[in-house]
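>>> One predicted model, sequence on top.
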Amino acid sequence: MPIKLKGEVNPDLNNERKKCSFNVEEMARWYHGGEKKLAEKRQRETLFLDDPDLQDDIPTSYMSHKEIYEYGVGKACKIFTKIRALQEEGKGGVDNFMAILGGMLGSGVLKEGNPMAVHFVMFLPTILGQGTTEQQVEWLGRAWSMNILGTYAQTELGHGTFIRGLETTATYDPKTEEFILNSPTITSYKWWPGGLGHTSNYAIVVAQLYTKGQCHGIHPFIVQLRDEETWAPIKGKSVEIGEIGPKLGMKGVNNGFLGFDNVRIPRKNMLMKNAKVLEDGTYIKAPSSVLTYGTMMFVRVVIIRDMANYLSKAVTIATRYSAVRRQSPIDPAKPEVQVIDHVTQQYKVFPNIAKVIIFQLTADYIWNLYNQVTSELDKGQLERLPELHAISCCLKAVITQDASNGVEQLRMACGGHGYMEASNLPNTYGMVTAACTYEGENTILLLQTARYLMKSWSQALVGDALVPTVEYLRDAIKKRSNKWDPSITGIIKALQLVAANKIRLAYEHVENRKKLGYSHEDATNLSSIELAQSADAHCRAFLVQSAYEMTRDLESTVSTSLATVLRQFIELYAVETCMKYIGDLFRFSGLTEDGVQELQQRLEDLLTKIRPNAVGFVDGFDIPDKILSSALGAYDGNVYERLFLEAKKSPLNQDPIPKAFELHMKPFMRSNL
């Protein structure tokens, strides 16, 4: 019999929505930053998602690698044409670009990634943040109007997060006032930049600067890669460029490789807002080495918001599916129940909903901090730059790892159907897990934060002033243990005490090893497990604290009913964090066995309280079906009809007799007669 959609909402899902104790529209307004921003978001979604030129006739999973790329480029050009039209109407702005490039609207229109994304996320911001006024005048106009397309070529085949180890060289020739770029080894080839393969004709290349026979470390250079008219690689064999091939996810991003053989660029193509090379080759050092990492800090801030977006999609899919799917009666004498009634399922899903809220609040916090520090940099104030670098490193590491684990947990919470690409959970996982590595491998980033924490601990020991994110170290020096306090503020203090003591122990173990004769570098390496753990603990305390502080006055901005549910999710996040770090809390915070039992009961009580509002809450994320792209997570809950309709789209189902039968199966089977 023909299968078609019912045209009505699944009754189980409908009943769930009736249970909701708060206004879902109010939740959407709060989550998206107010009524005006929510309206703008919906207008954007209508403009892009309802455009027939941006619809997928067939799922991209049935396309070849080459077809996915070409299809993505075509869509990207149409997308940016629409954005340009918005700008001409006075409706432009950064929000349109951020929405279409991020993990929400962008992933709904271009499911395998946007091959032009790095142009806006890294190429433009680097020129803006590291170019002189003259360089900005020369390059920004062309780049912003997309008369040229750029990428950011930093990572190499042999070096990624450890950027001081990059091998690409830029040697200054004072006779011609040019830099000569070379890739001296195969490991020095640029590898991974998005859009580098075939989409970009310019790149910001990060290379080791040599002038007057001396290396001055890594610096950014604008390099032309392809002819602006023919798109052919420039200078014949001097530039070797191409795409690196298929990946776990992001199949349309066109990640590339790049090698140089004595490629010359003019001196003015070195971005010189910070460090400079004069005509005679004299090198002028930047005020701070951390300024070199400005683009990466910006991208890490963007990544945090993206993780909230991707995880919100995954929890919406899993929550709605859990309300529709019936499986395994709790009482054998009764019918099968909604999967969401199983407490184990609630424990898989609800803490991940809480993480979306925490990550979104943290994204707002760190974005504000980034803008504040950037403003201070323009005034020559560098004091909080190391703090921003340290907190953005550990937040990127912890949040990407938690989001990746969360999407995978939610995929498994959807059983076998979650394994199907029609659920959109495999694709979402591919997009999220990539972030665990790009723009800094997570373990290395934790160690970078730990380096900052070691310095902060040494400052706290002698009574020096500390910046806000590490101010808690001062109290920890005075009090190494604590009486357990189960309130949210008490949990924050306990987690800070855990972090402070882990920082203390890592610091002491490094110092003790140095006393035994190890170099500082070897002592640090031998203590690196503890160092990474101290940064992780510092970050998790920060996450709970920042979320609590940003929602302390909720009742003044939202209704009591919505505030109650939001606080339940924030409390759930805090309690679940405690349950995952019971050993550390026993060790450092004064937690007792009775306290553990209270936390367990509190966790279960919170799951029970959240249960009636779960579907309404994810509805409040306000994610259209075309962005979810999921047979399991659609608003109407018609899961089985949608799965069947998706299955029928398979090219294998278009021909009742497969070619493989005549070519292979039939001859093989006949040969056995």
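Sure, I can see it.

>>> List phi and psi for Asp173.
The phi and psi torsions at Asp173 (degrees, to the nearest 10) take the values phi -110, psi 100.

>>> Tell me if I'm right that it and Thr211 touch.
No. In this structure Asp173 lies outside contact range of Thr211 using Cβ atoms under 8 Å: 9.3 Å. Yep, even glycine has a C-beta here, placed from its N, CA and C like the rest.

>>> and these two? which has more neighbours close in?
Shown here are Asp173 and Thr211; by other Cβ atoms under 10 Å, Thr211 has more neighbours (19 against 13).

>>> Enumerate the beta-bridge partners assigned to the more buried one.
Gln214 (DSSP bridges).

>>> quick check: domain ranges of this structure?
If you go by automatic domain parsing, the domain ranges for the chain are 147-286, 447-619.

>>> Redo these as CSV? Include mean pLDDT.
Shown next, in CSV, are these (pLDDT from 0 to 100):
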stretch, mean pLDDT
domain 147-286, 94
domain 447-619, 94
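
>>> Identify whichever of those lies nearest to Leu673.
Distance to Leu673, taken as Cβ to Cβ, is lowest for domain 147-286 among the domains of the chain, at 40.7 Å.

>>> Measure how far that closest one is from the centre of its chain, please.
Relative to its chain's centre, domain 147-286 lies at 25 Å (Cα atoms, centre = their mean, to the nearest Å).

>>> again with stretch 530-546
Taking Cα atoms, centre = their mean, one finds stretch 530-546 lying 18 Å from the centre of the chain it belongs to.

>>> any idea how far the closest residue to Asp261 other than its chain neighbours lies from Gly195?
Residue nearest to Asp261 in three dimensions, not counting chain neighbours: Ser238, with 5.0 Å by Cβ to Cβ, 6 or more residues apart in numbering. Noted for Ser238: a distance of 21 Å to Gly195, by Cβ to Cβ, to the nearest Å.

>>> who's more crowded, these two?
Set side by side, Ser238 and Gly195 show more neighbours around Gly195, with 28 against 15, by other Cβ under 10 Å.

>>> I'd assumed Thr151 was in contact with the more buried one.
Yes. Between Gly195 and Thr151 there is a contact under Cβ under 8 Å: 4.6 Å.

>>> which residues do these two both contact?
Taking Cβ atoms under 8 Å, 6 or more residues apart in numbering as the contact rule, Gly195 and Thr151 both touch 118-119, 256.

>>> tell me what the longest helix anywhere in the chain is packed against?
In the chain, with assignment by DSSP state H, the single longest helix is helix 343-378. Under the contact definition 3 or more Cβ pairs under 8 Å, 6 or more residues apart in numbering; DSSP states H and E, helix 343-378 sits against helix 294-324, helix 385-413, helix 528-550, helix 560-580, helix 593-610, helix 614-619.

>>> List the contacts of the nearest residue to Lys626 once chain neighbours are set aside.
Closest residue in space to Lys626, ignoring its immediate chain neighbours: Leu49 at 4.4 Å, by Cβ to Cβ, 6+ apart. Residues in contact with Leu49 (Cβ under 8 Å, 6+ apart) are 105, 108-109, 624, 626-627.

>>> re earlier: what's the angle between the longest helix of the chain and helix 528-550?
If you take axes from the mean of the first three to the mean of the last three Cα atoms, to 10 degrees, helix 343-378 sits at 90 degrees to helix 528-550.

>>> Please state the offset of helix 343-378 from the chain centre?
11 Å.

>>> Would it be right to say that Val206 lies in a helix?
No. The assignment for Val206, made by DSSP: H, G, I helix; E, B strand; the rest coil, is strand rather than a helix.

>>> that older thread, of the shared contacts of Gly195 and Thr151, closest to Leu585?
Val118 (41.7 Å).

>>> What separation is there between the closest one and His389?
Here Val118 is placed at a distance of 21 Å from His389 (Cβ to Cβ).

>>> Same drill for these two, tell me which one is more crowded.
The neighbour count for Val118 versus His389, taken as other Cβ under 10 Å, is higher for Val118 (28 against 20).

>>> so how many other residues sit close to the nearest residue to Glu16 once chain neighbours are set aside?
Distances taken as Cβ to Cβ, 6+ apart put Val615 closest to Glu16, at 3.8 Å, once the chain neighbours are dropped. When neighbours are defined as other Cβ under 10 Å, Val615 has 27 of them.

>>> list the contacts for Val615?
Val615 makes contacts with 13, 16-17, 19-20, 319-320, 323, as judged by Cβ under 8 Å, 6+ apart.

>>> With Tyr419 instead?
Per Cβ under 8 Å, 6+ apart, neighbours of Tyr419: 411, 425-426.

>>> I'd like the distance from it to Leu497, if you could.
Distance, Tyr419 to Leu497, by Cβ to Cβ: 42 Å.

>>> Need the shared contacts of Gly195 and Thr151 in a markdown table (columns: distance to Gly490 and secondary structure).
A markdown table is the format used below for the shared contacts of Gly195 and Thr151 (distance: Cβ to Cβ, whole Å; DSSP: H, G, I helix; E, B strand; the rest coil):
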| residue | distance to Gly490 | secondary structure |
| --- | --- | --- |
| Val118 | 44 | helix |
| His119 | 47 | helix |
| Gly256 | 51 | strand |
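
>>> For the residues you listed, could you give me JSON lines that also reports distance to Val462?
Compiled in JSON lines, the shared contacts of Gly195 and Thr151 are given as follows (distance: Cβ to Cβ, whole Å):
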{"residue": "Val118", "distance to Val462": "44"}
{"residue": "His119", "distance to Val462": "47"}
{"residue": "Gly256", "distance to Val462": "49"}
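
>>> Adding distance to Ile58, write the helices and strands packed on helix 343-378 out as CSV.
Shown next, in CSV, are those (distance: least, Cβ to Cβ, whole Å):
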stretch, distance to Ile58
helix 294-324, 21
helix 385-413, 23
helix 528-550, 41
helix 560-580, 38
helix 593-610, 39
helix 614-619, 28
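
>>> Can you give me the neighbour number for the closest residue to Tyr548 other than its chain neighbours?
Leaving aside its chain neighbours, Tyr548 sits nearest to Ile488 (5.5 Å; criterion: Cβ to Cβ, 6+ apart). Neighbours of Ile488 under the rule other Cβ under 10 Å: 18.

>>> distance of Ile488 from Ile610?
Ile488 sits 16 Å away from Ile610, going by Cβ to Cβ.

>>> same deal with Cys77?
Separation of Cys77 from Ile610 (Cβ to Cβ) stands at 44 Å.

>>> swap in Gln130?
Using Cβ to Cβ, Gln130 is found at 46 Å from Ile610.
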